[in-house]
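>>> okay, here's the prediction I keep looking at, along with the sequence it came from:
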Amino acid sequence: MSDSTLTTGLSNKFKRTIWQRYLLPDALFLFFLGFILLNLAVPARGAQVSASRDESTGSAAQESSSTSTDLFVMFGSDFDRPGLVPRANYNIGIGHTFGFLKKDPIGDEMTFGYTYENAGSHGFLHTADGEHTESAGVMKNFSLPRTKTVTGYTWLQSGITSFTGGARVQNRLDSGVSLGAIVHFSNNNSIWIQESYSKVVTVPWYTTSCIGYTYSW
């Protein structure tokens, strides 16, 4: 055997030894490490996508079921029939919007309010004869085309009216329907403008024009 052949054989043996002892374990280690990381990354990515979808779904669900509360104070004038006699009308109340009622045609906001009306024969602000009404209602909010600053609403209310100033308090059923507009200045502040038709049992019907401030949260 020649020296060159012996040298070549020793060189190949040395290369195999280096490969088997050092390079092969490192290659296998890197392969399995990459395999493990890949398997860990795929579920993590899936979980991230799933979490993102869940978050989006949760946001959509939260938006669809979102609620808000309105505290309103309104001032207006009644025009009693017959004769269009003006009477003071002051209203304070609170309403709560329910997300699951968004598609309800009747209304998506339940309200409760107190109204004071001047029931005297003269005077505008206050007389001994008063009409006090506690009522519950349902309001339907709806958007208007080409604007987000102004929205509209309908409002159905019914309650008990108490006439004071006489020998005894007289209680009557009071029902009304309103059509109004909301001018939004921010998420919390708005102005309500509305026209109402109301009817008290045994009393002629009347309309009310009013404007008021509302704080929402």
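Structure received.
>>> from now on I want contacts and neighbour counts done on CA atoms only, so please keep to that.
OK.
>>> and residue 104, what does it touch?
Contacts of residue 104 were listed using C-alpha atoms under 8 Å, 6 or more residues apart in numbering, and none were found.
>>> go through this protein and flag its longest strand.
Here the longest strand in the chain is taken by residue count, with DSSP state E as the criterion, and it is strand 147-164.
>>> what lies in contact with that one?
Residues outside strand 147-164 that contact it (C-alpha under 8 Å, 6+ apart) are 107, 119, 128-144, 169-185, 200.
>>> repeat for stretch 207-217
Contacting residues not belonging to stretch 207-217 are listed as 68-80, 89, 187-198 [C-alpha under 8 Å, 6+ apart].
>>> helix or strand next in line after the helix or strand containing residue 172, which one?
Using DSSP states H and E, residue 172 sits in strand 170-184. For strand 170-184, the following helix or strand on the C-terminal side (DSSP H and E) is strand 189-200.
>>> how far away is residue 97 from residue 178?
Taken as C-alpha to C-alpha, to the nearest Å, the spacing of residue 97 relative to residue 178 amounts to 17 Å.
>>> who has more neighbours, those two?
Each of residue 97 and residue 178 has its neighbours counted (other C-alpha atoms under 10 Å); residue 97 has more, 22 against 18.
>>> wait, doesn't the more buried one sit right on residue 108?
Yes. Counting by C-alpha atoms under 8 Å, a contact exists between residue 97 and residue 108, whose distance comes to 5.7 Å.
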